[in-house]
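> For reference, the sequence and a predicted model appear below.
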Amino acid sequence: MNLILMGPPGAGKGTQAVLLVKQLQIPHISTGDMFRQAMQQGTELGLKAKGYMETGQLVPDEVTIGIVKERLKQTDCQKGFLLDGFPRTVVQAEALKGLLGELNKNLDAVLNIEVDRPNLIRRMAGRLVCRQCAATYHVEYNAPKQEGVCDVCGGEVYQRADDTGATVEKRLAVYDAQTAPLIGFYQKEGLLINILGNQKVEAVLQDILQSLGI
Ligand code: ADP
Ligand code: AMP
């Protein structure tokens, strides 16, 4: 299956993506994780993305489209893929459409996870991420068994710099201005499936699987 997971920052895309790819046996492609990894490794891509990410802005379309294009050409995407956090602008969505056409692929569905603002803010404010394997936790809803240590790989668990203060507000404003229009875009394409995100992780996953007929 070729899928997109959409939704505002903090909606639970990454959390659901990990569970979905395990079930569907397809690669999880998160542009946010790719940028964070590049920043950690100090690569050219990381340096390009850093300033934008730290201030809650989107990394320029040409940079983002470039990395997704390379990733989708890799052989593991032949059995399907799950895009998480891409596309985030109409320009990116149009580019993806062109690219999939070139690769002779179609999207099967765009899953849009809906969560109200107060919950988004609570989820972002309490989010913890593993520096090593990108596993996601929450201080209140899903804390690691040992404080500061990843349950999965033993790596260091930290709070993302962009999950604090004014950057959270900025990212929500950027979502409203630049990403929310994609809901209409994919509705017109007949691909949009809205998912109620204000539920427990397991219930959200069940709704997603049911909506996909799995
Ligand atoms: P996104 O990838 O959409 O930005 P994440 O998957 O990283 O969102 O989730 C944001 C935060 O909310 C994380 O701390 C995660 O543990 C928590 N979270 C995700 N889904 C739920 C849920 N259904 N209920 C409560 N907390 C959740
Ligand atoms: P995320 O991990 O999805 O919350 O993304 C974190 C940050 O990475 C965003 O605030 C952007 O700065 C950047 N980013 C991730 N995906 C994209 C994208 N598709 N387009 C532009 N910037 C992105």
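Structure's in. What do you need? Ligands and ions are numbered 1, 2, ... in the order given.
> any idea of the pLDDT on Lys13?
Listed pLDDT for Lys13 reads 98.
> Gly126 too?
Gly126 is given a pLDDT of 98.
> Any residue of the strand or helix carrying Arg171 touching ligand 1?
Under the criterion of DSSP states H and E, Arg171 resides in helix 165-174. No - Helix 165-174 does not reach ligand 1 (CB under 6 Å from any ligand atom); its nearest approach is 9.1 Å. In this view, the C-beta of every residue, glycine as well, is placed from N, C-alpha and C.
> same deal with stretch 100-118?
No - using CB under 6 Å from any ligand atom, stretch 100-118 never reaches ligand 1; the gap is at least 6.8 Å.
> Tell me the secondary structure of the closest residue to ligand 2 within the chain, please.
Residue of the chain nearest ligand 2, by CB to the nearest ligand atom: Gly32 (2.0 Å). Secondary structure assignment for Gly32 (DSSP: H, G, I helix; E, B strand; the rest coil): helix.
> List, one by one, the residues from the chain near ligand 1.
So far as CB under 6 Å from any ligand atom goes, the chain lies against ligand 1 at 7, 9-15, 123, 126-127, 136-138, 141-142, 199-201, 204.
> Run through the protein and note the low-pLDDT ranges.
In the predicted model, the chain carries no residue with pLDDT under 70.
> Which helix or which strand is home to Asp151?
Using DSSP H and E, no element contains Asp151; it sits outside every helix and strand.
> any idea how far it is from Met34?
Distance, Asp151 to Met34, by CB to CB, to the nearest Å: 23 Å.
> before we move on, back to that, show me what the following helix or strand past the helix holding Arg171 is in contact with.
Counting by DSSP H and E, the next helix or strand C-terminal to helix 165-174 is helix 181-188. Under the criterion CB atoms under 8 Å, 6 or more residues apart in numbering, residues Ile4, Met6, Pro87, Arg88, Thr89, Val90, Ala93, Val110, Asn112, Leu192 lie in contact with helix 181-188.
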